[in-house]
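Enquirer: Curious how this folds, go ahead:
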Amino acid sequence: MSGSAGHGGGRGQPQNADRVRLELRRAREMPRKDLLIRFFFGAGVSLLAAVVSKLVGPFVGGVFLAFPAILLASLTLVAKEEGLRSARDDARGAALGTIGLLAFALTTAVLLRHHSAWLALAVATSAWIVVSLGGYAVVRAAGAGSDETGPEEPGA
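Expert: Numbering: from 1, shown residues only. All right, here's what the predicted structure looks like:
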């Protein structure tokens with residue numbers, strides 16, 4: 001996330017370049033090799049979690065399931081293809097999403113004691129969205145990324 005609301009996004013970036021958006025076209029353009037790397041890295045970490053669960057127990061194995069397997073592979077590929085600034089922005093977004101997932105988990109744990117699973121799921125999903133996007137708004141308003149310098153181009 002670069003620049004604060006209403007300001008340019010830094011060198012060479014258009015105004016509001018960090019807006020949240022979904023671009024399905026870009027997903028289709030992604031090289032198959034990159035998709036395979038993400039898939040196998042994620043599958044490998046999941047397999048490791050299963051083995052650890054069998055050897056040490058489900059509690060320790062569950063800790064490995066929380067490992068952001070795909071994130072590491074994705075950040076590496078983003079840094080290589082789009083530059084370090086884009087990878088930092090993606091890492092910030094992942095951190096905010098993680099805080100949102102914590103809100104989801106806490107909300108679910110509290111509501112499941114006295115309410116239906118469907119109500120708990122709906123309220124917890126709302127909590128995740130509000131916390132994640134609220135965090136994004138705060139970080140964006142604070143101007144995260146606007147003070148960073150570094151290579152714009154991959155390999156620079």
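
Enquirer: what separates the most centrally placed residue in the chain from Ala50, distance-wise?
Expert: Against the mean C-alpha coordinate of the chain, by CA atoms, centre = their mean, the closest residue is Ala94 at 2.5 Å. Separation of Ala94 from Ala50 (CB to CB, to the nearest Å) stands at 23 Å. Placement of C-beta: from N, CA and C, glycine included.

Enquirer: Would you mind giving both backbone torsions of Ser116?
Expert: In terms of degrees, to the nearest 10, the main-chain angles of Ser116 are phi -70, psi 160.

Enquirer: That one: neighbour count?
Expert: 10 (other CB atoms under 10 Å).

Enquirer: Check the secondary structure at the residue of the chain positioned farthest from its centre for me.
Expert: Distance from the C-alpha centroid of the chain, by CA atoms, centre = their mean, peaks at His114 (30.9 Å). Going by DSSP: H, G, I helix; E, B strand; the rest coil, the secondary structure assigned to His114 is coil.

Enquirer: before we move on, back to that, what pLDDT does the residue nearest to the centre of the chain get?
Expert: At Ala94, the pLDDT value in this model is 82.

Enquirer: ditto for Leu133
Expert: pLDDT, Leu133: 89.

Enquirer: how many neighbours does it have?
Expert: For Leu133, the count of nearby residues is 14 (other CB under 10 Å).

Enquirer: and if you look at the one 5 residues further on?
Expert: By the measure other CB under 10 Å, the count of residues near Val138 is 11.

Enquirer: Against Leu36, how distant is it?
Expert: 36 Å.

Enquirer: Check Leu119 too.
Expert: Between Leu119 and Leu36 the computed distance is 39 Å (CB to CB).

Enquirer: Show me what secondary structure element comes after the host helix or strand of Val78.
Expert: According to DSSP states H and E, Val78 maps onto helix 69-82. Next in sequence after helix 69-82, counting helices and strands by DSSP H and E, comes helix 84-111.
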